[in-house]
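Chemist: generate a structure from the sequence data that follows.
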Amino acid sequence: MRLNQIAPPRSGHRLTTALLATTVALSALTALVPGASAAPDARTVLAEQPAGPLTFQVASFNLLGAGHTDGSNPRKGFDKSGPRLKRAIEILDRESIDVVGFQEMHQAQYAKFTEWESERFGLYPGAQLGTAPMHNSIAWRTDQWQALRTESIKIPYFKGNEIKMPYVLLEHLETGQQAWFLNVHNPADARGPAQKWRDEAVRREANLVNQLREDHPGVPVFLTGDMNDRDEFFCPVVARTELEAANGGGSDESGCETPPAMKVDWLLGTAPTVFTGYAALTDPLVKATTDHPVIVADAVVPTPVVQASPIDRVVVLGVEGLRSSAIDLTAGGWSRLAREGAITLNARTTLESTAPLPNVLSMLTGRRVDAAALGHGVTYNNDRGEVVRSTAGRYVSSIFDLVHNQGGRTYLAANRNRIDMVDRSWDGANGGRDPYGFDDGTDKVDRYFRGGNDYRLVEDLRTKLEKRPAAFTYAELSSLDKVGRKAGFDSERYHKFVGKIGRMVGRTLGSIEASKKLAGRTLLVVAGTNGGVDGAARDSERTGNYTVPLMVWGPGVVQGADLYDLNPAWSDPGNAQDGYETPAPIHTGVVANLALSVLGLPALPGSLMNNDQRLNVLSLPLG
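Modeler: Model (predicted):
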């Protein structure tokens with residue numbers, strides 16, 4: 001879905017899994033890091049890690065009906081329906097499909113499917129409504145979903161004869177998330193021109209989608225089917241409804257933009273769903289099964305808490321050289337973050353590096369450094385003219401990709417030329433294709449500002465926030481690291497500059513609160529890209545280098561909370577530098593998928609840290 005469609009306040013289904021919370025009296029948060037200054041009076045401790053967004057696999061699958069292969073004049077090149085159905089089930093399992101809309105499920109295929117798979121899949125309508133409606137049955141895995149309602153709509157088929165086609169309301173067993181699934185087969189021209197009947201079918205299908213959205217405003221609607229049309233189907237249906245296709249494209253007042261390489265088989269959905277991983281499968285197994293591609297995609301539905309959240313903008317401040325032990329949680333913006341936000345002073349840099357640039361890239365991509373382990377591959381701390389695609393050996397998606405591709409504006413600010421690599425890696429020449437909705441182009445960073453110092457950078461940021469805020473902003477403050485390396489990371493000058501950074505944070509908070517466009521809808525994240533140790537500022541084995549703060553502030557954030565208390569799936573490492581294996585410490589690389597999750601967007605493909613988007617900062621429905 002477009003970012004501006006999913007970002008405003010949303011009504012969410014109540015989370016059914018009870019999450020235990022205990023409020024414990026606490027006079028200080030000194031346990032976060034030895035020697036840290038005092039902070040809030042109480043903390044919330046969760047016994048179970050909250051669930052992340054619901055991600056499931058959905059498909060549209062024309063089986064090539066048994067009537068085409070089992071009779072006296074079978075389709076050349078295809079086995080009979082029995083062996084092909086076995087292959088169809090193999091495809092469902094190979095692709096981990098949870099919900100599928102079948103077309104051309106003829107009697108022989110229905111009989112075998114129910115014989116072989118009735119313990120694993122629910123099916124509607126099957127034989128309940130007669131032979132013709134059976135052909136377009138919807139199937140779902142019963143260990144994942146249960147049917148709450150089963151309905152049908154009359155759709156014109158050959159020569160306008162109406163056939164009942166199914167739609168079902170399913171509920172996900174673990175999360176309680178509900179969703180409607182409508183599956184149809186619009187008529188081909190095989191028995192005479194049928195465009196007018198296809199047009200009428202689209203009109204009825206669109207009306208039903210709109211009615212379901214009106215009657216059930218918090219519930220997404222999915223449409224699967226063999227539409228026997230490309231743009232003639234796509235443009236009207238997306239113009240008349242909230243539906244968006246899993247393979248992109250869109251329609252607005254300026255016209256219709258069709259997806260590339262359209263098929264007649266379609267998969268669409270409404271907010272708050274976002275699709276990823278779309279594919280029209282035509283591999284040898286598929287070609288031995290059917291004469292159509294199998295349409296598959298991952299559907300991602302945000303958590304109920306995120307659906308109800310007003311957050312539609314995220315600002316991340318990365319601070320180079322910020323030692324956790326130097327932060328006074330009673331002063332300036334640091335105090336506000338500690339009192340009003342969720343924080344830890346015991347987060348970790350990447351395991352491989354404590355230099356700023358590698359950690360900035362990990363915060364933006366959710367990946368580790370080591371390219372051999374699918375990391376971003378940037379091991380150095382200066383701009384060498386390269387791009388992340390070359391250092392990683394593959395295209396690496398960043399948070400700029402997903403926000404930009406979903407129609408959101410992005411902003412990058414820095415005062416050191418090494419961050420030029422970030423802008424260049426996702427500029428018009430090096431950014432990836434936009435597969436979501438309208439094609440917003442390959443330049444993923446809409447504006448890049450490079451100021452001369454932190455003060456100028458923050459003032460420009462505040463101006464942008466007050467006048468034209470982006471959906472995602474990343475600003476890198478680098479002066480503190482230079483002060484620490486020159487004067488010492490325990491010097492009076494360094495500590496004064498930490499206080500100055502805190503005041504900059506405070507002014508940024510003030511700008512957010514003073515803006516009608518930002519107040520009550522912006523998440524602010526402050527993270528240290530690296531710490532600092534005198535004489536060994538880049539030594540990745542020194543505690544003072546790899547121990548950094550991570551602070552989150554915004555509407556719905558649990559106030560005065562310790563991030564480890566909110567996230568029992570992560571493990572407080574004490575003074576150790578632990579790796580990425582579960583349970584891992586909270587690395588600052590979690591920021592990318594945290595930001596995306598609160599915006600209602602899916603995790604970055606190929607990311608490692610927080611790739612299930614379960615890191616929790618928001619208040620929870622309890623009990």
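
Chemist: from residue 351, how far off is the nearest residue to residue 375 once chain neighbours are set aside?
Modeler: Nearest non-adjacent residue to residue 375, counting by C-beta to C-beta, 6 or more residues apart in numbering: residue 368, 4.2 Å away. Placement of C-beta: from N, CA and C, glycine included. According to C-beta to C-beta, to the nearest Å, residue 368 stands 7 Å off from residue 351.

Chemist: go on, residue 184?
Modeler: Taken as C-beta to C-beta, the span from residue 184 to residue 351 is 50 Å.

Chemist: so where's the stretch 501-623 of the chain shaky on pLDDT?
Modeler: By pLDDT under 70, the low-scoring segments of the stretch 501-623 of the chain are 620-623.

Chemist: please enumerate the strands of it.
Modeler: 522-528, 547-553, 561-562 (DSSP state E, counting those that start in this stretch).

Chemist: returning to what we had before: of residue 368 and residue 351, who's got more company?
Modeler: residue 368 (24 against 19; other C-beta atoms under 10 Å).

Chemist: quick check: that one touching residue 588?
Modeler: No. Between residue 368 and residue 588 there is no contact under C-beta atoms under 8 Å: 11.7 Å.

Chemist: mutual contacts of those two, please.
Modeler: residue 362 (C-beta atoms under 8 Å, 6 or more residues apart in numbering).

Chemist: show the pLDDT at residue 78.
Modeler: What the model reports as pLDDT for residue 78 is 97.

Chemist: check what pLDDT the residue nearest to it when sequence neighbours are not counted gets.
Modeler: Excluding its sequence neighbours, the residue lying closest to residue 78 (C-beta to C-beta, 6+ apart) is residue 69, at 4.9 Å. The model reports residue 69 with a pLDDT of 97.

Chemist: how near is residue 69 to residue 83?
Modeler: 10 Å.

Chemist: neighbour count for those two, which is higher?
Modeler: Ranked by neighbour count (other C-beta under 10 Å), residue 69 and residue 83 place residue 69 first, with 22 against 13.

Chemist: for the more buried one, give me its contacts.
Modeler: 75, 78, 79, 80, 81, 84 are the contacts of residue 69 under C-beta under 8 Å, 6+ apart.

Chemist: and with 10 Å instead?
Modeler: Contacts for residue 69 (C-beta atoms under 10 Å, 6 or more residues apart in numbering) come out as 75-84, 106, 108, 291.

Chemist: quick one: low-confidence ranges for the stretch 201-350 of the chain?
Modeler: In the stretch 201-350 of the chain (pLDDT under 70), no residue qualifies.

Chemist: and the helices in it?
Modeler: 231-240, 284-287, 304-308, 332-340 (DSSP state H, counting those that start in this stretch).

Chemist: show me what the longest helix anywhere in the chain is packed against.
Modeler: If you go by DSSP state H, the chain has its longest helix at helix 492-514. On a contact count with 3 or more C-beta pairs under 10 Å, 6 or more residues apart in numbering; DSSP states H and E, helix 492-514 meets strand 313-319, helix 332-340, helix 454-467, strand 472-477, helix 479-487, strand 522-528, strand 547-553.

Chemist: buried stuff in that helix?
Modeler: By neighbour count on 16 or more other C-beta atoms under 10 Å, the buried set for helix 492-514 is 494-495, 497-502, 504-509, 511-512.

Chemist: so which of the residues you listed is the closest to residue 402?
Modeler: Of all the buried residues of helix 492-514, residue 512 has the smallest distance to residue 402: 22.3 Å, by C-beta to C-beta.

Chemist: which residues does the closest one contact?
Modeler: Contacts of residue 512 (C-beta under 10 Å, 6+ apart): 313, 315, 462, 465-466, 469, 518-524, 553-554.

Chemist: can you do 7 Å?
Modeler: The contact partners of residue 512, taken as C-beta atoms under 7 Å, 6 or more residues apart in numbering, are 465, 518, 519, 522, 524.

Chemist: neighbour count and distance to residue 605 added to those residues, as a markdown table?
Modeler: As requested, the contacts of residue 512 are exported to a markdown table (neighbours: other C-beta atoms under 10 Å; distance: C-beta to C-beta, whole Å):
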| residue | neighbour count | distance to residue 605 |
| --- | --- | --- |
| 465 | 22 | 29 |
| 518 | 19 | 29 |
| 519 | 13 | 33 |
| 522 | 24 | 26 |
| 524 | 24 | 26 |
